[in-house]
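Undergrad: Here you go, sequence then predicted model.
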Amino acid sequence: MASKGKRLQKVAEKYDRDSFYAVGDAVKIVKDAAADTKFDETVEIAMNLGVDSRHSDQMVRGTVSLPHGTGKSLRVAVFAKDAKAEEAKEAGADLVGADDLAELVQKGQIDFDRCIATPDMMAVVGKLGKILGPKGMMPNPKLGTVTPDVKGAIQAAKAGQIEFRVEKQGIVHAGVGKASFSEEALQENVTAFVYAIMKAKPSGAKGTYLKKASISSTMGPGVKLDISGLSG
């Protein structure tokens, strides 16, 4: 822990934690902070929004395809049968099934990161709402995860499409890449995420929508973003 403290202190000397940085400069600071770690840290973004997610007209939820992916290998489960099940397997789904897959989920065996279902499987998947819902994995037509185009949905997930959903405190966060990514790739991913959140502004949002945002690596310090140039 001492070495981590020294590393963070060294990083802290290079930037002002109370200042706001352009995305490119913030990315550079975060990458420098992660340079001495023994594993490839995830770069994360956290945004504070002026919404109250308890109200349906202030819910912020959607998907965004990051230009350079997340750097994480995503495991995808697909609820489908017959020809659609074969299509899912050929498209690279990690788990494919119907009642048998539902049984695994009910037992708590959730060995996947994204869940996709064909429309005809929702009678089966609907029973799993109490398990998948809290984990943010419940298939949803608005997110493109309830669809007859299982191949397209799987390819999008594998290519770096991520889901976002605002939490009770008005915070939305996500992993937007790895510290090993180039500065340009991280900058483009961060910008794409911010724009997706802006585009998802709900009708019920009042006052300032995008309050503040910061990025950090898994073990690094948070760096505040100057969002004035991004929130137009």
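TA: All right, it came through fine.
Undergrad: pLDDT below threshold where in the protein?
TA: 1-13, 230-232 (pLDDT under 70).
Undergrad: which helix is the longest one in the protein?
TA: The single longest helix within the chain, with elements called by DSSP state H, is helix 183-199.
Undergrad: need the helices for the chain, in chain order.
TA: Using DSSP H, helices in the chain cover 2-12, 23-34, 82-90, 99-106, 122-125, 129-132, 150-158, 183-199.
Undergrad: of all those, which lies closest to Met47?
TA: Smallest distance to Met47 across these (Cβ to Cβ): 6.0 Å, for helix 183-199. For glycine as for every other residue, the C-beta is placed from the backbone atoms N, C-alpha and C.
Undergrad: Start and end of stretch 75-89, how far apart?
TA: 13 Å (Cα to Cα, to the nearest Å).
Undergrad: Now do it: distance to the chain's middle.
TA: Averaging C-alpha positions (Cα atoms, centre = their mean, to the nearest Å) puts stretch 75-89 23 Å from its chain's average.
Undergrad: possible to save the helices of the chain as CSV with mean neighbour count?
TA: Converted to CSV, the helices of the chain look like this (neighbours: other Cβ atoms under 10 Å):
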stretch, mean neighbour count
helix 2-12, 12
helix 23-34, 21
helix 82-90, 16
helix 99-106, 16
helix 122-125, 16
helix 129-132, 13
helix 150-158, 20
helix 183-199, 19
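Undergrad: Any idea which of the ones you listed gets closest to Ser56?
TA: helix 129-132 (16.9 Å).
Undergrad: Touching the closest one from outside, list them.
TA: Residues outside helix 129-132 that contact it (Cβ atoms under 8 Å, 6 or more residues apart in numbering): Val105, Gln106, Gly108, Ile110, Cys115, Val125, Met138, Pro139.
Undergrad: cool, stretch 110-118 as well?
TA: For stretch 110-118, using Cβ under 8 Å, 6+ apart, the contacting residues are 74-81, 84, 88, 93-95, 104, 125, 131-132, 135, 137-139, 145-148, 150, 153-154, 157, 163.
Undergrad: repeat that for 6 Å
TA: 74-80, 84, 95, 125, 137, 139, 145-146, 148, 153, 157 (Cβ atoms under 6 Å, 6 or more residues apart in numbering).
Undergrad: rewinding a little: what's the closest of the contacts of helix 129-132 to Glu167?
TA: Distance to Glu167 across the contacts of helix 129-132 (Cβ to Cβ) is lowest for Met138, with 16.0 Å.
Undergrad: Tell me how far the closest one lies from Thr63.
TA: Distance of Met138 to Thr63, given as Cβ to Cβ, to the nearest Å: 14 Å.
Undergrad: Mutual contacts of the two, please.
TA: Counting by Cβ under 6 Å, 6+ apart, no residue touches both Met138 and Thr63.
Undergrad: circling back: so what secondary structure elements neighbour the longest helix of the chain?
TA: helix 23-34, strand 42-49, strand 171-178 (3 or more Cβ pairs under 6 Å, 6 or more residues apart in numbering; DSSP states H and E).
Undergrad: So which of the ones you listed is nearest Gln187?
TA: When the helices and strands packed on helix 183-199 are compared (using Cβ to Cβ), the closest one is helix 23-34, at 5.2 Å.
Undergrad: So what angle separates the directions of the closest one and helix 183-199?
TA: 120 degrees (axes from the mean of the first three to the mean of the last three Cα atoms, to 10 degrees).
Undergrad: Can I get stretch 175-195 in PDB, CA atoms only?
TA: Provided in PDB are the C-alpha atoms of stretch 175-195 (Å, rounded to 0.1, in the frame of the first residue of the first chain):
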ATOM      1  CA  GLY A 175     -15.400   1.700 -18.300                       C
ATOM      2  CA  VAL A 176     -14.300   3.500 -21.500                       C
ATOM      3  CA  GLY A 177     -11.100   1.600 -22.300                       C
ATOM      4  CA  LYS A 178      -7.800   0.500 -20.900                       C
ATOM      5  CA  ALA A 179      -4.800   2.400 -19.800                       C
ATOM      6  CA  SER A 180      -2.800   0.700 -22.600                       C
ATOM      7  CA  PHE A 181      -5.000   2.400 -25.200                       C
ATOM      8  CA  SER A 182      -3.400   5.400 -27.100                       C
ATOM      9  CA  GLU A 183      -4.300   8.800 -25.800                       C
ATOM     10  CA  GLU A 184      -6.200   9.400 -29.100                       C
ATOM     11  CA  ALA A 185      -8.300   6.300 -28.700                       C
ATOM     12  CA  LEU A 186      -9.200   7.100 -25.000                       C
ATOM     13  CA  GLN A 187     -10.100  10.700 -25.900                       C
ATOM     14  CA  GLU A 188     -12.400   9.500 -28.700                       C
ATOM     15  CA  ASN A 189     -14.000   6.900 -26.400                       C
ATOM     16  CA  VAL A 190     -14.600   9.400 -23.600                       C
ATOM     17  CA  THR A 191     -16.000  12.000 -26.100                       C
ATOM     18  CA  ALA A 192     -18.300   9.400 -27.600                       C
ATOM     19  CA  PHE A 193     -19.600   8.500 -24.200                       C
ATOM     20  CA  VAL A 194     -20.300  12.100 -23.100                       C
ATOM     21  CA  TYR A 195     -22.100  12.800 -26.400                       C
END
